[in-house]
Structure formats: structure tokens, C-alpha cells
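Engineer: Structure for this input, please:
(2 chains)
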Amino acid sequence: ETGVTQTPRHLVMGMTNKKSLKCEQHLGHNAMYWYKQSAKKPLELMFVYSLEERVENNSVPSRFSPECPNSSHLFLHLHTLQPEDSALYLCASSQDRVAGGYTGELFFGEGSRLTVL
Amino acid sequence: GEDVEQSLFLSVREGDSSVINCTYTDSSSTYLYWYKQEPGAGLQLLTYIFSNMDMKQDQRLTVLLNKKDKHLSLRIADTQTGDSAIYFCAESINYGGSQGNLIFGKGTKLSVKP
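Structural biologist: Numbering: from 1, shown residues only, chains lettered A, B, ... in the order given. Here you go, the predicted model:
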């Protein structure tokens, strides 16, 4: 138990569906992240939110839409995805570096395995 | 751009030492990390090293940092079958914001044979 919970753990969707991935952290952190993990590729940072504001968007297609309503929750809304979007989507949280004791450590959830048919 | 390289596979026998190597590109990285990912799970921090250190030891784990060559290694002593997992090297990149940002390698899959 890492303190970061992702739901659903597995999701199968068609290319015309709309679905959402949810992430919740119980660690009191104020930065949250979405990463994409595909086979044979490095972990790709998709979005970063710090203090509920998006601070990084690594040229992610608009069919992925993040939402961070508060510092404990992060969503990834999915719309008209492609089969190549099938991957493990990992959520992570960290403590903002302004706080004392910063080490940059990311705490990951177990991921949501997405399959796009 | 930033890049972290590591070999994809390593196979060792139970009881032997494992050494996983990594090279990185950003000389200004403050912290370097080793994460472990077991099947069906997310990544979990194993250990990290501050950039002004050369070595860090934590029980069976030894991290060596060569800043000149931008080379990081993780040594696992007395490797056990439970150590079988994918090990990710990561460097911290600061884009000027207050939050950290990590660049990960592709991961080294460690297989431990009984």
C-alpha cells in the first residue's frame, strides 16, 4: 500500500467510448502526475499538477484530458482513443520541493491497465 | 534532451550479486533514484542518492555514482528470487517549478534463477 490508489485497475474500451481514470492520494502531497508506461519504451510523463494547477503537459494529444479538482484527486478523461494508446497509466504524487525534507521521491499507484480495441 | 540509458535484461543465480548500470545526461540532476516494479504493480522507490555523494549503502543495496562519467549503478548483494523485478534508474530534472520531475530509463528486467 503506497498511499496512492488508482481505479479502475483494468479498463477495456472501444475507440468511440469516453471513460475516466481516477487517482487518489492519502499522503498529504500537493503535486500529482500521470505517466504512461508502454512496452519497450521509457516511462513517459504526461501531466504534472502542482497545487492543483497544471504545470507540465508534455505534448499529450487532446484525446487525453486531465482534471485535478483538489490536491488529493486526479483524473484522466479519455475520449476517442487509438489502439496505440493501450498502456499502463500510472499516477504518482510527491511533496512540493518548497516543503522541507524534499527528496523528489514519487509515490506511485499500481496503475490502470488500458486496452483500446 | 534528457536521456537515461540502462540495459534491458540481467540474469543472475540466486545468492550471486547483481549489478545494474545506468547512464544519464543531465549533470545538474540533484538526485538520482532506483525504483523497483514488480509484476502487476506500480513503481516503488528502492533508494536514492544525492548528487554530492559517491556511494550509498542500505543493507543489501549499494549505489555508486560517478558524476564525471554520469554513471549510476545499483548492486544487490546475495540476490534472492524475490528480487526478480524491473529496476528503473531515474534522474531529477528541475524545470524551474517547485515540483520535482523525474526522467526514467526503460528499466532493467532482473531475472533470478534458483
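
Engineer: near chain B, anything from whichever strand or helix holds A:P69?
Structural biologist: A:P69 belongs to strand A:64-70 when assigned by DSSP states H and E. No: with Cβ under 8 Å from any Cβ of the partner chain as the criterion, chain B is not reached by strand A:64-70; the gap is at least 12.4 Å. Every C-beta, even on glycine, is put in place using the N, C-alpha and C of the backbone.

Engineer: ok, that strand: who's next to it in the sheet?
Structural biologist: Strand A:64-70 has the following strand partners under DSSP bridges: strand A:73-79 (antiparallel).

Engineer: got any ranges where chain A has weak pLDDT?
Structural biologist: Applying pLDDT under 70 to chain A flags residues A:1, A:96-102.

Engineer: same thing but 80
Structural biologist: A:1-2, A:40, A:51-53, A:55-58, A:96-104 (pLDDT under 80).

Engineer: Dig out what the residue most central in space within it forms beta bridges with.
Structural biologist: Against the mean C-alpha coordinate of chain A, by Cα atoms, centre = their mean, the closest residue is A:W34 at 2.5 Å. Under DSSP bridges, the beta-bridge partners of A:W34 are A:F47, A:C91.

Engineer: That one touches A:P66, doesn't it?
Structural biologist: Yes: under the criterion of Cβ atoms under 8 Å, A:W34 lies in contact with A:P66, with a separation of 6.2 Å.

Engineer: Overlap of the contact sets of those two?
Structural biologist: A:M46, A:F47, A:L74, A:L76 (Cβ atoms under 8 Å, 6 or more residues apart in numbering or on different chains).

Engineer: Including distance to B:I49 and neighbour count, could these go into CSV?
Structural biologist: Below are those laid out as CSV (distance: Cβ to Cβ, whole Å; neighbours: other Cβ atoms under 10 Å in any protein chain shown):
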residue, distance to B:I49, neighbour count
A:M46, 27, 20
A:F47, 27, 22
A:L74, 29, 27
A:L76, 32, 23
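
Engineer: What is the most widely separated pair among the residues you listed?
Structural biologist: With Cβ to Cβ as the measure, no two of those lie farther apart than A:M46 and A:L74, at 10.9 Å.

Engineer: okay, and the common contacts of these two?
Structural biologist: With Cβ under 8 Å, 6+ apart as the test, A:M46 and A:L74 both reach A:W34, A:P66.

Engineer: where does chain B dip in pLDDT?
Structural biologist: Applying pLDDT under 80 to chain B picks out residues B:1-2, B:26-30, B:93-101.

Engineer: Can you name the residues of chain B that neighbour chain A?
Structural biologist: So far as Cβ under 8 Å from any Cβ goes, chain B lies against chain A at B:4, B:30-31, B:33, B:35, B:40-45, B:48, B:88, B:92, B:95, B:97-107.

Engineer: What separation is there between the residue nearest to the centre of chain A and chain B?
Structural biologist: A:W34 sits 12 Å away from chain B, going by Cβ to the nearest Cβ, to the nearest Å.

Engineer: Got a quick ChimeraX command for the buried subset of the residues of chain B next to chain A?
Structural biologist: Here is the ChimeraX command that picks out the buried ones among the residues of chain B next to chain A, judged by 16 or more other Cβ atoms under 10 Å in any protein chain shown:
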select /B:4,30,31,33,35,42,43,45,48,88,92,97,99,100,101,102,103,104,105,106,107
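
Engineer: In strands, which of the residues of chain B next to chain A appear?
Structural biologist: Using DSSP state E, the members of the residues of chain B next to chain A that fall within strands are B:4, B:31, B:33, B:35, B:43-45, B:48, B:88, B:92, B:102-104.

Engineer: how deep is residue 77 tucked in, by neighbour count?
Structural biologist: Defaulting to chain A. By other Cβ atoms under 10 Å in any protein chain shown, 13 other residues sit near A:H77.

Engineer: ah, no, chain B please
Structural biologist: 13.
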